[in-house]
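>>> Provided below are the primary sequence and the corresponding predicted coordinates.
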Amino acid sequence: MVDFGTAELTLEMIQASQAGMSAVGAGLAVGLTGVGTGLAEMGIGAAAVGATAENRDMFGLALLFTVIPETIVIFGLVVALLLLF
Amino acid sequence: MLRPERMRRLLIAAPKSEIDTIIRELYRHNVYHIEDFVPESSSEALSIGHPLSGASDAASALIKVRAIENACGIDPENVEVKTKLPTSKVREMIRTDLPVIQKEAEDLVGSRSRLETRQKEHEQRARELEPFTAVPLDLEFYRGYTRFTVFTGHITHDVEIDVPNEKYFSDKVAGNMIVVVVQNEHREQVERTLLDAGFQAIPVPEETGAPADRLKAHMEEARRIEDEIAGVNAKIAGIRERHTDFLVACDELLTADVERAEAPLRFATTEETFITEGWVPEDRADKILDALEKATNGRIYIEELEIEEDTSVPVEYENPSFASPTQMLMDVYARPRYSEIDPTLMVAIVFPIFFGMILGDVGYGAVLLALSLGLRKFLKGEGGRALLKVLSYASISSIVFGVLYSEFLGFSLPWEPLVFSRHLNIGGHAGGHGPQVVELMIIAIWIGILHITLGRVLGILNARRLYHGRHATRAVISHAGWLGVMWGILLIIWSFFPIPMMPDLTGFPVAIAAGVVLLVAGVIGIAQENALEVVELPTIVSHVLSYARLVAVGLSSVAIAMVVNYISIGMMIEPQLEAITPVGVILIIVGILVFLMGHVLNTALGLLGGGLHSIRLHYVEFFTKFYKGGGKKYNPFGMKSKFTEE
């Protein structure tokens, strides 16, 4: 009879579970940093659109300001890539 | 190269009788940047000059031309030059032809707006009549009673009226329609009943006959007027067709006239003479000096003044021709100051490389190259052209990196990647050893370290040009301090952790010591200029790591491409090809659509990601290390004539 409660963990099971955990971690890294970037870009984007509406020449600079917080999600992406590979 | 064009500051003084000749000569050469004269309250001897005669005539003619251009939708920016008209002919035509064209255009625009008003009126009438078409009564029956009251309007539902009445209800029109006729004495009672049911009164149109017929008549009239408007529009288009060349030539000639005539407003004058100060590029200065001398027979005094302040000098780029489109990217940030290093050349070289590193794909590169060449027909403005040039360089670099990475729309080309592989293990055909993320990342970090080091070295050079004395020394030491801290941190990291493709210093305790010394000395160097800047120290790490985007953004674009391929080909098209069924054919078509849509989306994302991230690395990580910017644009007095010739 197999006792499910005290089934022993084999090495493969541990490795598989660790691989799964690192995949979850990678997902969290990209997802949460994405939320952070989104929050940061929210205000900048709104102001940038306003500034561009006032003055068309602002467009280049406004677009640039908007992507500055992109760094956060890039760091998340880097961490995820390092976790996965 | 690497610095803006050298300028000479000139002071020109001459008797007022020569003002016409001199303005004409300056305008023709198109090199003299006028420094506007600002009258000071202290010196009353000098005052602003008066416009030349003919200024107001030219200005009012110009307004007429612009109005016609506006009405006909002509934009001189986007007009292709066919033939250059001689100025004498244009002047003649301004006298003879312009009033005729103006009258014609004005009449047409006027009649168009009249027709539009009438069309709107008829449409409004038709809208008002619409609810009445649901009631079988002619319009004259609604009016003219002395003993009866007529209620007409929208209502939410039909109601029972408990006094003698005549009632029509219809739910065929939007908002329902009710017509109730009652004797005057029951009016208030009935009104209350109706209002309880959400009654909204609408006025009866002032017309006679059956509402449906009238509605049809108005609609027909509106349609007829629309045809007339189309006819007028065709005539306006005809004006555009016939007179565009002449109008843009007029515009150019008159603009030049107005600018010339108003130039004295920027000069200082005394009773008999005038004085102007301005800037001329060094290599073209002698030519214009000779020309002025000759034109005025020596009745002119020119003195070269010393350049006092570097912010007052107008700045013109001086770059090899392949780098000049990149100046547009510099202007978006800020024009360099006169005495500082102009980094346009570096941006022109490094920007396409970054772009290629991110979007290294032969397919996307080819699409973008075709796009940038194809759009040239439609974008005629100077800025747009420059942007397309930059894009075409970037896409060529993207193709080159695509060959190195062995990528074509997410598929691999028939050879192994020549540098590091970015092929992800996505889809059924995944093979090979997967992406070399760590190696690529370290390369990106190396690029960051070197790029930032270059920025700081330029910062040291700039500090010596921009500042003087103690201030300059401090700024130089502070820049060196930033470099020291960065390399100190690197030495310490290298001596604790062996990292592939970076120096392994784990066996050398000396390196730790050297690193710590550099770090401490660097912090002191930074603090001696401004102690508050020490809080910025973490940016050293974040700015270097920021270059990891060169790999990360690129990999995400590869991932999207491979996922698109896997969904469209691996999951939809290939399984159906084994045994073709009618459903399978539809699935194949859907698969092709998914493939196209996905790659169009990814091209747009790649363009945005590759372009914005590359330029951002320059603006935020590179320029902040050394670049001040804020130079005035060199805007010479004169014009390159496009549509006219002398």
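Here it is on my side, so go on.

>>> how about stretch B:18-33 as PDB, C-alpha atoms only?
The C-alpha coordinates for stretch B:18-33 follow below in PDB (Å, rounded to 0.1, in the frame of the first residue of the first chain):
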ATOM      1  CA  GLU B  18      22.600 102.100 -49.100                       C
ATOM      2  CA  ILE B  19      20.200 100.100 -46.900                       C
ATOM      3  CA  ASP B  20      18.300  98.700 -49.900                       C
ATOM      4  CA  THR B  21      21.400  97.500 -51.700                       C
ATOM      5  CA  ILE B  22      22.900  96.000 -48.600                       C
ATOM      6  CA  ILE B  23      19.700  94.100 -47.600                       C
ATOM      7  CA  ARG B  24      19.400  92.800 -51.100                       C
ATOM      8  CA  GLU B  25      23.000  91.600 -51.100                       C
ATOM      9  CA  LEU B  26      22.700  90.000 -47.700                       C
ATOM     10  CA  TYR B  27      19.500  88.300 -48.700                       C
ATOM     11  CA  ARG B  28      20.900  86.900 -51.900                       C
ATOM     12  CA  HIS B  29      23.900  85.300 -50.100                       C
ATOM     13  CA  ASN B  30      21.700  83.700 -47.400                       C
ATOM     14  CA  VAL B  31      24.500  83.400 -44.900                       C
ATOM     15  CA  TYR B  32      24.100  86.400 -42.500                       C
ATOM     16  CA  HIS B  33      22.300  85.600 -39.200                       C
END
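
>>> Pull out the buried residues from it.
For stretch B:18-33, a neighbour-count test (16 or more other Cβ atoms under 10 Å in any protein chain shown) marks B:18-19, B:21-23, B:25-29, B:31-33 as buried. Any C-beta I mention is one placed from the backbone N, CA and C, and that applies to glycine too.

>>> got it, and stretch B:368-388?
Judged by neighbour count (16+ other Cβ under 10 Å), stretch B:368-388 contains these buried residues: B:Leu368, B:Leu369, B:Leu371, B:Ser372, B:Gly384, B:Ala386, B:Leu387, B:Leu388.

>>> Stretch A:74-85 too?
Using 16+ other Cβ under 10 Å as the test for burial, stretch A:74-85 gives A:Ile74, A:Phe75, A:Gly76, A:Leu77, A:Val78, A:Val79, A:Ala80, A:Leu81, A:Leu83, A:Leu84, A:Phe85.

>>> Would you format those as CSV with distance to chain B included?
As requested, those are exported to CSV (distance: Cβ to the nearest Cβ, whole Å):
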residue, distance to chain B
A:Ile74, 4
A:Phe75, 7
A:Gly76, 9
A:Leu77, 4
A:Val78, 5
A:Val79, 10
A:Ala80, 9
A:Leu81, 5
A:Leu83, 10
A:Leu84, 8
A:Phe85, 4
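
>>> can you tell me which of those residues are in helices?
For the buried residues of stretch A:74-85, membership in helices holds for A:Ile74, A:Phe75, A:Gly76, A:Leu77, A:Val78, A:Val79, A:Ala80, A:Leu81, A:Leu83, A:Leu84, with DSSP state H as the criterion.

>>> Can you name the residues of chain B sitting close to chain A?
Counting by Cβ under 8 Å from any Cβ of the partner chain, chain B comes close to chain A at B:332-333, B:434-435, B:437-438, B:441, B:542, B:545-546, B:548-549, B:551-553, B:555-556, B:612-613, B:615-616, B:619-620.

>>> Try it again at 7 Å.
B:332, B:434-435, B:437-438, B:441, B:545-546, B:548-549, B:552-553, B:555-556, B:612, B:616, B:619-620 (Cβ under 7 Å from any Cβ of the partner chain).

>>> give me every residue that touches B:Leu253.
Residues counted as contacts of B:Leu253 (Cβ atoms under 7 Å, 6 or more residues apart in numbering or on different chains) are B:Thr87, B:Val90, B:Thr644.

>>> Which residue, other than its chain neighbours, is closest to the first one?
Among residues not flanking B:Thr87 along the chain, B:Thr644 sits closest, at 5.2 Å (Cβ to Cβ, 6 or more residues apart in numbering or on different chains).

>>> Need the pLDDT of the one you found.
B:Thr644 carries a pLDDT value of 81.

>>> do you know how far it is from B:Asp245?
10 Å (Cβ to Cβ, to the nearest Å).

>>> where does B:Glu407 sit relative to chain A, distance-wise?
The gap separating B:Glu407 from chain A is 17 Å, by Cβ to the nearest Cβ, to the nearest Å.
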